[in-house]
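1. Okay, predicted coordinates and the sequence, questions at the end:
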Amino acid sequence: MKRTKTEANVVGPESPLSKCLIIALTSLKGGVGKTTLTMHLAAAIAEELENVVVLDADEEVSAVRWQQHAAADQIRLPFEVVAAQRNSLMRQARELARTGHTVIIDTPPNNREVLKSAATVADVVLVPVLPTGLDVDRLATTLELLTDLEAALETFNYAIVLNRFDARKGMAHEANQALNAHPRLETVIKSLSAYEKVFGQTPSELGQFRAMWAEIKVAFGEEA
Ligand SMILES: Nc1ncnc2c1ncn2[C@@H]1O[C@H](COP(=O)(O)OP(=O)(O)OP(=O)(O)O)[C@@H](O)[C@H]1O
Ligand SMILES: [Mg+2]
């Protein structure tokens, strides 16, 4: 993960881990796994921390609908899901973090404004990308926006996460290599049918998401 500006800002007693983190899943591209990763990461963090909240900033409210489907089946997710209010995403996220919540923001595709707000308020910005040439190529626009924000912010941490990795596919390895040019998480998320079937249920395939959370914590100065 890329940490920018003074390291002292992110390590030690003032480490963001001494307060609650805000993590945003962003990409201008649709269908890359933002919502899937949001819900699984939230479930993995909720194994360790109380008060985990998914803040759904997508007008399609997929995360909220996931939670509603679960509630209709008497399933209680191990974290809350809250719809973001229009024009106050940053305030809402900050207020949740200030009141002791770890916040995971799910964002819509093709929405620069929401992407910028989410990335600005977040301590960690994760960008899922699929292992195809097209997707890696399309990543450039999202990264351009993020590096522009980076120029204006005192601290900014973003990382690409390879999603739907299938080790049997040569293309996946090529894409994996191409991503090494960017700040990225070591953890890759495999392509699993379990992720396709879990809508409306408690995410349970959490191994890689525990690893993702561990990586985030290490980037913020916590011992591995
Ligand atoms: N690692 C994975 N393995 C298998 N299926 C996956 C994986 N990640 C995502 N999917 C599937 O891919 C589809 C798109 O995922 P998802 O809805 O999470 O993407 P998104 O980026 O939130 O999309 P949108 O931009 O429309 O909000 C879904 O059907 C989801 O179940
Ligand atoms: Mg989504």
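-> Everything's here; your move. Numbering: from 1, shown residues only. Ligands and ions are numbered 1, 2, ... in the order given.
2. What are the phi and psi values at the spatially most central residue of the chain?
-> Nearest to the geometric centre of the chain sits Leu25, at 3.2 Å (CA atoms, centre = their mean). Reported as degrees, to the nearest 10, the phi and psi values for Leu25 are phi -100, psi 120.
3. so what's it bridging to?
-> For Leu25, the beta-bridge partners are Asp106, Leu126 (DSSP bridges).
4. In contact with it, which residues?
-> Counting by CB atoms under 8 Å, 6 or more residues apart in numbering, Leu25 touches Lys34, Thr35, Leu37, Thr38, Leu41, Ile104, Ile105, Asp106, Thr107, Leu126, Val127, Pro128. No exception for glycine: its C-beta is placed from N, CA and C like everyone else's.
5. again, only using 7 Å
-> Leu25 sits next to Lys34, Leu37, Thr38, Ile104, Ile105, Asp106, Thr107, Leu126, Pro128 when contact means CB atoms under 7 Å, 6 or more residues apart in numbering.
6. Over to Pro203. Which of the three states is it?
-> Following DSSP: H, G, I helix; E, B strand; the rest coil, the label given to Pro203 is coil.
7. do you know how far it is from Ala70?
-> According to CB to CB, to the nearest Å, Pro203 stands 10 Å off from Ala70.
8. more neighbours, the two?
-> Pro203 (24 against 18; other CB atoms under 10 Å).
9. shouldn't that one be in contact with Thr38?
-> No - proximity of Pro203 to Thr38 does not meet the contact threshold set by CB atoms under 7 Å, at 9.8 Å.
10. Where is the longest helix in this protein?
-> helix 133-152 (DSSP state H).
11. Now do the buried residues in that one.
-> Along helix 133-152, these residues count as buried under the neighbour rule (16 or more other CB atoms under 10 Å): Asp135, Val136, Arg138, Leu139, Thr142, Leu143, Leu145, Leu146, Glu150.
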